[in-house]
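Asks: The amino acid sequence is not available; the structure is as follows:
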């Protein structure tokens, strides 16, 4: 068990202390809903993780995936690595956002999207569970919106935090971790600002027996790594109803590359471990820059306007490996060539929405909007400069309308539609020697999809509600995995049926109860995809199979607040998942452990 020592120093220019008050379900507005919806009004399971819960988890682990896995019932256990492949929400990929800016790379998944910000910079986390399309591509399992810290009252507030962590056994310099953070923020008249910086030096992790945890030298490891994060926010109230704000976050993590993984032995009961050594190649890293400019108008001809332009620059390097995929006898004898994959992506986009909530005697609320996204990226081999996945250019235009109508004072109907117009352009390229070095003709693929959602919320008593919903999510298969595995001469991108989009249909029914210090919810869910994806090993390589996929389960949580900042959560998901190799065939595979959070 680890021992955690924390030192916090707080200096404030204001004379009075500020206290944080936890919002109730009735007052928390879910920004990810795009329609100023509160948790209690949602026809889907929505979870709000507040600052106190996040800070409590960070005293145990600085791993953002640990925070999500420990606090979201249907989020799979964290791998504890830089790569979170296999970490899902309700058995499918979630769309992760920071202040509404997409962090996920659904066109070229890397598994690194959960590690793009230090969670000490986070105010709260919004989780909309189940497939949805309100924020665009990629939310087949749900949406996780990470909201960064906001400035506190007072013209100058400073916060310094130093945290040291060490195991209770095998305590030595290399097993100790140190994190330092500094934040300054404030408000003055119409201006507010925040600047925060953090640095983390993670040591070697050990298990309960004092043995080093096995290092993942290929995907990248969080232990024995160094990271920093810088967040800057500036806001200005143009008028009493208009606000302009800008936000920039730069996050970088890089492994120290000083431990090598050692395979375990199942028969002898020995887990994987690590020994001192220098792995081949350059140390894995994540380097992410997220920025946005936002404008809001709370009374534009009786409507609420929200507009944002954003950019995300991502670069992720994986560790060196001498797998058969990387071999080329023209460069080195087969079996001796080490190389490493690097993924580079650049996103530019905008989100605009208008909401009016006083129609038909305030019984009808309508939200309409338009989203634009340009996502350009590629994957190369860092050591030799070879093309692994050619440059692809994804362009998307989306229009949506979302409505809420009070059929009765206790019964609300939700319905919406979103139109996706997308284009994927891929350059011509040549595959690696492992795949016969075939020339593939580039081309353009068009994807046009109309997505629907509807739901009902019945609230017979204050704090008691029943809900049901149907929603659709729009996703893409792993384009990189498809393109790099082509081994047939004369293949044209335009003819690849394996690049068809993934349409996920989700249904849910449940109830939520909030009474004083007692908070509970229970729901049944099922999601289906006629053209889902599953990664299968073929001849030593991992290939993608398109299969009909179904996921269903029960999601329950319970929280009892004995004190203001202390709560007990008891997630108990019961999942069943299956796939079939034919769209009309019987279900042929079922799994639980690899995609689901255990009962706990």
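Replies: Done, it's in. Predicted model only: the values in this text are computed from it and were never measured.
Asks: any idea which helix or strand comes after the helix or strand where residue 343 lies?
Replies: Assigned by DSSP states H and E, residue 343 falls within strand 341-358. Of the helices and strands lying after strand 341-358 in sequence (DSSP H and E), the nearest is helix 359-362.
Asks: Give me the contact list for that following helix.
Replies: Residues outside helix 359-362 that contact it (C-beta atoms under 8 Å, 6 or more residues apart in numbering) are 365-366, 405. (Glycine included, C-beta is placed from N, CA and C.)
Asks: rewinding a little: so what are the sheet partners of the strand holding residue 343 and their directions?
Replies: Its sheet considered, strand 341-358 pairs with strand 303-317 (antiparallel), strand 364-381 (antiparallel) by DSSP bridges.
Asks: Quick check: buried residues in it?
Replies: Of the residues in strand 341-358, 341-345, 347, 349, 351, 353-355, 357 count as buried by neighbour count, 16 or more other C-beta atoms under 10 Å.
Asks: So which of the residues you listed is the closest to residue 208?
Replies: Taking C-beta to C-beta as the measure, residue 208 lies nearest residue 341 of the buried residues of strand 341-358, at 33.6 Å.
Asks: Distance of the closest one relative to residue 205?
Replies: Distance, residue 341 to residue 205, using C-beta to C-beta, to the nearest Å: 25 Å.
Asks: gap between residue 120 and residue 314?
Replies: According to C-beta to C-beta, residue 120 stands 21 Å off from residue 314.
Asks: Revised request: answer the last question for residue 121.
Replies: Taken as C-beta to C-beta, the span from residue 121 to residue 314 is 18 Å.
Asks: where along this protein do the helices fall?
Replies: Assigned helices in the chain, in chain order: 51-58, 64-71, 359-362, 479-484 (criterion: DSSP state H).
Asks: Reformat the strands paired with strand 341-358 as CSV; add mean neighbour count, mean pLDDT and distance to residue 110.
Replies: What follows is the strands paired with strand 341-358, written out as CSV (neighbours: other C-beta atoms under 10 Å; pLDDT from 0 to 100; distance: least, C-beta to C-beta, whole Å):
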stretch, mean neighbour count, mean pLDDT, distance to residue 110
strand 303-317, 19, 97, 5
strand 364-381, 19, 96, 9
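Asks: Looking at those, which is nearest to residue 60?
Replies: Residue 60 lies closest to strand 303-317 among the strands paired with strand 341-358, at 25.8 Å (C-beta to C-beta).
Asks: How far off centre is the closest one?
Replies: Averaging C-alpha positions (C-alpha atoms, centre = their mean, to the nearest Å) puts strand 303-317 14 Å from its chain's average.
Asks: bridging residues for residue 255?
Replies: So, taking DSSP bridges as the rule, residue 255 has residue 225 as bridge partners.
Asks: Next: the one 5 residues further on.
Replies: Here residue 260 sits in beta bridges with residue 275, going by DSSP bridges.
Asks: quick one, what contacts it?
Replies: Neighbouring residues of residue 260 by C-beta under 8 Å, 6+ apart: 215, 217, 274-279.
Asks: go again using 6 Å as the cut-off
Replies: By C-beta atoms under 6 Å, 6 or more residues apart in numbering, residue 260 lies in contact with 275, 277, 279.
Asks: Residue 365 now?
Replies: Applying C-beta under 6 Å, 6+ apart, we find residue 365 in contact with 357, 404.
Asks: same question, residue 90
Replies: Residue 90 sits next to 74, 129, 141 when contact means C-beta under 6 Å, 6+ apart.
Asks: who wins for neighbours among those residues?
Replies: Counting neighbours by other C-beta atoms under 10 Å, residue 74 leads the contacts of residue 90 with 30 neighbours.
Asks: okay but that residue is in contact with residue 555, surely?
Replies: Yes - counting by C-beta atoms under 6 Å, residue 74 does reach residue 555; the two are 5.4 Å apart.
Asks: coming back round to it: quick one: the helices of the chain as CSV, columns for distance to residue 243, mean neighbour count and mean pLDDT too.
Replies: Compiled in CSV, the helices of the chain are given as follows (distance: least, C-beta to C-beta, whole Å; neighbours: other C-beta atoms under 10 Å; pLDDT from 0 to 100):
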stretch, distance to residue 243, mean neighbour count, mean pLDDT
helix 51-58, 22, 18, 92
helix 64-71, 28, 23, 92
helix 359-362, 24, 10, 95
helix 479-484, 38, 23, 88
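Asks: Mind putting the ones you listed into CSV with distance to residue 160?
Replies: As requested, the helices of the chain are exported to CSV (distance: least, C-beta to C-beta, whole Å):
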stretch, distance to residue 160
helix 51-58, 15
helix 64-71, 22
helix 359-362, 47
helix 479-484, 42
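Asks: what's the spacing between residue 333 and residue 238?
Replies: To residue 238, residue 333 is 66 Å away according to C-beta to C-beta.
Asks: Could you check which of the two is surrounded by more residues?
Replies: Under the neighbour definition other C-beta under 10 Å, residue 333 and residue 238 were set side by side, and residue 238 has more, 12 against 8.
Asks: what about that one, distance to residue 189?
Replies: 12 Å.
Asks: before we move on, what about residue 225?
Replies: Distance from residue 225 to residue 189, counting by C-beta to C-beta: 42 Å.
Asks: These two - which one has more neighbours?
Replies: Under the criterion of other C-beta under 10 Å, the comparison of residue 225 against residue 189 puts residue 225 first, with 22 against 8.
Asks: which of the contacts of residue 260 lies closest to residue 34?
Replies: residue 279 (44.1 Å).
Asks: and the closest residue to the closest one other than its chain neighbours, how many residues sit next to it?
Replies: Distances taken as C-beta to C-beta, 6 or more residues apart in numbering put residue 217 closest to residue 279, at 4.3 Å, once the chain neighbours are dropped. Neighbour count for residue 217, taken as other C-beta under 10 Å: 24.
Asks: List the contacts of residue 446.
Replies: residue 423.
Asks: is it in a bridge, and if so with what?
Replies: Using DSSP bridges, the beta-bridge partners of residue 446 come out as residue 423.
Asks: still on that earlier bit, mind checking which of the helices of the chain is nearest residue 109?
Replies: Minimum separation from residue 109 across the helices of the chain (C-beta to C-beta) falls at helix 479-484, 7.7 Å.
Asks: who does the closest one touch, helix- and strand-wise?
Replies: Applying 3 or more C-beta pairs under 6 Å, 6 or more residues apart in numbering; DSSP states H and E, one finds that helix 479-484 makes contact with strand 387-408.
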